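A.B. asks: Build me a structure from this.
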Amino acid sequence: MKKRDFKIVFLFIDIETDDSKGCGLDTYRSQMVTFQAMISAKKQLIIHEPKNLKILKAKLENNTLVGHNIRFEAKFLKHHFGITIRDVYDTMMAEQIIQ
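C.D. replies: Got it, this is the predicted structure:
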């Protein structure tokens, strides 16, 4: 039996929104201030006020995304950029399960 080599890619993501008008956690009305992704310990991506994330769409849709309350990021990316998140690990949900 051959040993299979495979690579699982995890992207740690976080979206920061503008809460100056009191709608920072509203996925439909808030505006993104910063998009952050960490691909590895040495590769971080920080985009301030992104207008378009088309270049990242395939990476975001085809890899496992890790984040805290990632439901917000998933809704936000779908509504504002048409990006459908398929595979996630939500640290907030994991914490609730183990408590």
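
A.B. asks: Model confidence at residue 85, what's the number?
C.D. replies: The model reports residue 85 with a pLDDT of 92.

A.B. asks: Wasn't it part of a strand?
C.D. replies: No. Under DSSP: H, G, I helix; E, B strand; the rest coil, residue 85 falls outside any strand and is assigned coil.

A.B. asks: doesn't residue 33 make contact with residue 50?
C.D. replies: No. Using Cβ atoms under 8 Å, residue 50 makes no contact with residue 33, being 9.3 Å away. Yep, even glycine has a C-beta here, placed from its N, CA and C like the rest.

A.B. asks: Where does the residue most central in space within the chain fall, secondary structure wise?
C.D. replies: Among the residues of the chain, the one closest to the centroid is residue 13, at 3.8 Å (Cα atoms, centre = their mean). Using DSSP states H and E, residue 13 maps to strand 10-17.

A.B. asks: how about the helix or strand following that strand: buried residues?
C.D. replies: Toward the C-terminus, strand 10-17 is succeeded by strand 32-40 as the next helix or strand (DSSP H and E). By neighbour count on 16 or more other Cβ atoms under 10 Å, the buried set for strand 32-40 is 32, 35, 37-38.

A.B. asks: Kindly indicate which of those residues lies nearest residue 60.
C.D. replies: Nearest to residue 60 among these, counting by Cβ to Cβ, is residue 37 at 8.2 Å.
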